[in-house]
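Enquirer: I would like to see how this sequence folds:
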Amino acid sequence: MGDKGVFWLPDAMSTFAGEVDALFWFVFWTSTVLFAAVVGAKLYFMFRYKRKDETSVPEPVYESKILEMAWIVVPTVLVLFVFLWGFDVYLRMNTAPPDSYQITVRGKQWAWEFEYAEGVTTFTEMVVPVGRPVKLTMSSSDVLHSFFIPAFRVKQDIVPNRYSSVWFEATQTGEFQIFCTEYCGTTHSGMLAKVRVVSEEDFASWISEQSQDLPPEQLGAQLFAQCTACHAVDGTVKIGPALNGIFGTQQKLSDGTSVLVDENFIRESILNPAVKVAEGFQPIMPAGYSSMTPKQIDGLVAYIKSLK
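Expert: Residues are numbered from 1 along each chain as shown. Alright, predicted model coming up:
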């Protein structure tokens, strides 16, 4: 079981989450005690040495070398202790074990993409085995993102055109939330995903199932999970048009013309989203989806065609 959390911290569900929490609580309570001591001393001296009347002369206050040494040495020792403790935790959090399972994470407006060592790719959900170190090698396809799993105490900025990495080892099965904590555009708040922690046996079975070729429509349904922040399939209008029942219809564009929604239009809208924009919507769809493989694009087209 993970360490019990509090209302601003979820339960600790990774091997080093407890150490991160211990460091946090040490800093928190040390700061609280020092703050209370300073305020208490201030109030004491305010009343102890306040002027009694107009003619009273305050008692002289003489220097104290012991006191002066104390307020120099004690804070210095505390700061060094916290620094060394924190640096040790930082190094271990950023040095993955050699046998770590490798997952490549790509952040893009506004979805997470997870590619496994076996070639399997998922969106909005990352599946990992419990009790096994997992190293994430991360990059961004567009702007600055920040990958955060509160339950694992894992947080790392993802910068375009460079790689960053973190690792963790989950201690309990279950589902845990992934957030982007760096503002990245219009639907930043919808850039969510989940970590699903399963047993080693279930993970091996899941990888085997995912490695099999899926029918185009089913593959497209999986890929579409990264599009749900902007597009709905139940008629709800978000920042992008709803896509159910759109195939085979005439779509009005922002330039006043109309176009038939067929396979070519869907493909073009994925690869070059700013060329033909639906009437009433802004050209905010990022162009990062141009990196999708022909098979993935075919799957998305098949899925959108099937929506009623």
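Enquirer: neighbours around Gly299, how many?
Expert: Look at Gly299: counted by other C-beta atoms under 10 Å, it has 23 neighbours. Every residue, glycine included, has its C-beta placed from N, CA and C.
Enquirer: give me the element it is part of.
Expert: Using DSSP states H and E, the element containing Gly299 is helix 294-306.
Enquirer: ok, residues contacting that helix?
Expert: For helix 294-306, contacts defined as C-beta atoms under 8 Å, 6 or more residues apart in numbering pick out 214, 216-224, 243, 246-247, 263, 266-267, 270-271, 292.
Enquirer: please apply the same query to stretch 210-224.
Expert: Residues contacting stretch 210-224 (C-beta under 8 Å, 6+ apart): 116, 118-120, 122-123, 231, 233, 292, 295-296, 298-304, 306.
Enquirer: which of the contacts of helix 294-306 count as buried?
Expert: 216-217, 219-224, 243, 246-247, 266, 270, 292 (16 or more other C-beta atoms under 10 Å).
Enquirer: which stretches in this protein count as helices?
Expert: For the chain, applying DSSP state H gives helices covering 17-48, 65-93, 200-211, 216-223, 263-271, 294-306.
Enquirer: what angle sits between the first one and helix 65-93?
Expert: Relative orientation of helix 17-48 and helix 65-93, computed by axes from the mean of the first three to the mean of the last three C-alpha atoms, to 10 degrees: 160 degrees.
Enquirer: show the average pLDDT along helix 17-48.
Expert: Average pLDDT, helix 17-48: 90.
Enquirer: how about that helix: buried residues?
Expert: Burial within helix 17-48, assessed by neighbour count using 16+ other C-beta under 10 Å, is assigned to 17, 19-21, 23.
Enquirer: that helix - contacts with which helices or strands?
Expert: Where contact means 3 or more C-beta pairs under 8 Å, 6 or more residues apart in numbering; DSSP states H and E, helix 17-48 is packed against helix 65-93.
Enquirer: can you check the second one too?
Expert: Contacts of helix 65-93 with other secondary structure elements, assessed using 3+ C-beta pairs under 8 Å, 6+ apart, are made with helix 17-48.
Enquirer: got any ranges where the stretch 201-308 of the chain has weak pLDDT?
Expert: Across the stretch 201-308 of the chain, residues meeting the criterion (pLDDT under 70) sit at 287-291.
Enquirer: domain-wise, how is the protein divided?
Expert: Following automatic domain parsing, the chain resolves into domains at 17-93, 101-211, 216-306.
Enquirer: circling back: list the buried residues for the helix holding Gly299?
Expert: 296-305.
Enquirer: with stretch 117-129 instead?
Expert: So, applying 16+ other C-beta under 10 Å, buried residues of stretch 117-129: 120-124, 126-129.
Enquirer: could you tell me the end-to-end distance of it?
Expert: Distance across stretch 117-129, first residue to last, is 13 Å (C-alpha to C-alpha, to the nearest Å).
Enquirer: which stretch among the helices of the chain comes nearest Ala170?
Expert: Judged by C-beta to C-beta, the one of the helices of the chain that comes nearest to Ala170 is helix 17-48, at 9.7 Å.
Enquirer: measure Tyr163 to Phe114 for me?
Expert: Tyr163 is 15 Å from Phe114, where distance means C-beta to C-beta, to the nearest Å.
Enquirer: show me which of those two is the more surrounded one.
Expert: Phe114 (21 against 11).
Enquirer: contact partners for that one?
Expert: 103-105, 121-123, 125-126, 193.
Enquirer: pLDDT score assigned to Asp3?
Expert: pLDDT, Asp3: 59.
Enquirer: make residue 1 into 47 and carry on from there
Expert: New numbering, starting at 47: the last item is Asp49.
Enquirer: grab the nearest non-local neighbour of Gly291.
Expert: Lys354 (5.7 Å; C-beta to C-beta, 6 or more residues apart in numbering).
Enquirer: ok, the one you found touching Asn290?
Expert: Yes: using C-beta atoms under 8 Å, Lys354 is in contact with Asn290, at 6.2 Å.
Enquirer: of these two, which one has the most company?
Expert: Asn290 (15 against 7).
Enquirer: rewinding a little: I'd like the contacts of Phe160 laid out as CSV, including distance to Tyr95.
Expert: Shown next, in CSV, are those (distance: C-beta to C-beta, whole Å):
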residue, distance to Tyr95
Ile149, 63
Thr150, 65
Val151, 60
Thr167, 71
Thr168, 68
Phe169, 67
Glu171, 64
Met172, 62
Ala239, 60
